[in-house]
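*Asks:* I would like to see how this sequence folds:
(one chain, ligands or ions: 2)
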Amino acid sequence: MEPVSKPKVSLVTEISREFTFEAAHFLPNVPPGHKCSRVHGHSYRVEVTVRGPVDPHYGWVVDFATLTEAWQAMHAQLDHRLLNDVPGLENPTSELLAAWVFGKLSFPTAKVVKIRVAETCTSQCVVYPEEG
Ligand SMILES: Nc1nc2c(c(=O)[nH]1)N=C([C@H](O)[C@H](O)COP(=O)(O)OP(=O)(O)OP(=O)(O)O)CN2
Ligand SMILES: [Zn+2]
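*Replies:* Ligands and ions are numbered 1, 2, ... in the order given. Have a look, this model is predicted:
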């Protein structure tokens, strides 16, 4: 079999994993009569993306299982909860939830470069660290 040749350009490598949880929320700061002022629920999807060097021995940035391990504590805080009760999520918009998740994740050899939160099939938010 032909050996796998090294690419001629240097590559940036990102890996992602999507997680899900079910939760209720309401948005306390919306205008009077807004439907989201009432408690309702979503099947949330959260995608975590990290970037880093590919470990030459393992051939991966980090084990996908490492992302899952990091997610477990957040899942326990979020799943089947009223998000407004979770410290830091008193106003649980997608934007603030994505920032909350971002603030809770770090890995020794990989950088968190994107968090995507989708409340519905058609609405999502992405946060990135600012460059510089
Ligand atoms: N920028 C944001 N806008 C809204 C957020 C948010 O987090 N950030 N959140 C909501 C509510 O949570 C709402 O439940 C979700 O809104 P929407 O996408 O409108 O969901 P629907 O399924 O109800 O969509 P329809 O097309 O109206 O059926 C609102 N806005
Ligand atoms: Zn909602």
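*Asks:* Excluding chain neighbours, what is closest to V54?
*Replies:* T13 (5.3 Å; CB to CB, 6 or more residues apart in numbering). For every residue, glycine as well, the C-beta is placed using N, CA and C.
*Asks:* Could you give the separation of the strand or helix carrying I115 from the chain centroid?
*Replies:* Per DSSP states H and E, I115 falls inside strand 111-118. Relative to the centre of its chain, strand 111-118 is centred 4 Å away, using CA atoms, centre = their mean, to the nearest Å.
*Asks:* Quick one: check it for contact with ligand 1.
*Replies:* No: residues of strand 111-118 are not located near ligand 1 by CB under 6 Å from any ligand atom, the shortest gap being 8.1 Å.
*Asks:* quick one: strands adjacent to that strand?
*Replies:* When pairing is defined by DSSP bridges, strand 111-118 lines up against strand 40-51 (antiparallel), strand 124-127 (antiparallel).
*Asks:* ok, and for the last one, which residues are buried?
*Replies:* Buried residues in strand 124-127, defined by neighbour count with 16 or more other CB atoms under 10 Å: 125, 127.
*Asks:* before we move on, what about stretch 20-29?
*Replies:* So for stretch 20-29, counting by 16+ other CB under 10 Å, buried means 21, 23, 25-27.
*Asks:* Could I get the residues you listed in JSON lines, plus columns for pLDDT, secondary structure and distance to K35?
*Replies:* Putting the buried residues of stretch 20-29 into JSON lines (pLDDT from 0 to 100; DSSP: H, G, I helix; E, B strand; the rest coil; distance: CB to CB, whole Å) gives the following:
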{"residue": "F21", "pLDDT": "98", "secondary structure": "strand", "distance to K35": "22"}
{"residue": "A23", "pLDDT": "98", "secondary structure": "strand", "distance to K35": "17"}
{"residue": "H25", "pLDDT": "98", "secondary structure": "strand", "distance to K35": "12"}
{"residue": "F26", "pLDDT": "98", "secondary structure": "coil", "distance to K35": "10"}
{"residue": "L27", "pLDDT": "98", "secondary structure": "coil", "distance to K35": "9"}
